[in-house]
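Asks: everything below, folded, please.
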Amino acid sequence: MIKEDHCLYLKYSNNSFIILSLYVDDILIAGNKKKDVDTTKRWLSSNFKMKDMGEANYILGVKIIRDHAKKFLGLTQETYIKNIVLSHAR
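Replies: Coordinates of the predicted model:
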């Protein structure tokens, strides 16, 4: 657990890492090795009632952009910014 944020958990092992973000009843899991992410999800589902919703597209209003071929992961709040700008333009 990160001291400053009690909803973000990190696990390091050899050349692998898992990041688990927990917000109310939503979990977002990320890692650099799919095998380890899958193992973590299996462990969690064997200990807690949960449903795998697949890859996330949005989390807390932040859009997740991926390009697996380029090994790119990005985040954007474009929709939020557009809504703010449009609401102030009226």
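Asks: let me see the mean pLDDT of the lengthiest helix in the chain.
Replies: Longest helix in the chain, counting residues (DSSP state H): helix 34-47. Helix 34-47 shows an average pLDDT of 94 in the prediction.
Asks: who's in contact with the next helix or strand after that helix?
Replies: Note on helix 34-47: by DSSP states H and E, the next helix or strand toward the C-terminus is strand 58-59. Strand 58-59 is contacted by residues Ser21, Tyr23, Asp26, Leu28, Ile64 when judged by CB atoms under 8 Å, 6 or more residues apart in numbering. For the C-beta atoms, the positions are set from N, CA and C on the backbone; glycine is no exception.
Asks: likewise for stretch 70-85?
Replies: Against stretch 70-85 from outside (CB under 8 Å, 6+ apart): Gly61, Val62, Lys63, Ile64, Ile65, Arg66.
Asks: ok so, going back, of the contacts of strand 58-59, which is the nearest to Thr39?
Replies: Nearest to Thr39 among these: Leu28, at 16.6 Å, using CB to CB.
Asks: where does the closest residue to the closest one other than its chain neighbours fall, secondary structure wise?
Replies: Closest residue to Leu28 apart from its sequence neighbours, by CB to CB, 6 or more residues apart in numbering: Ser21 at 4.3 Å. Taking DSSP H and E as the criterion, Ser21 maps to strand 16-23.
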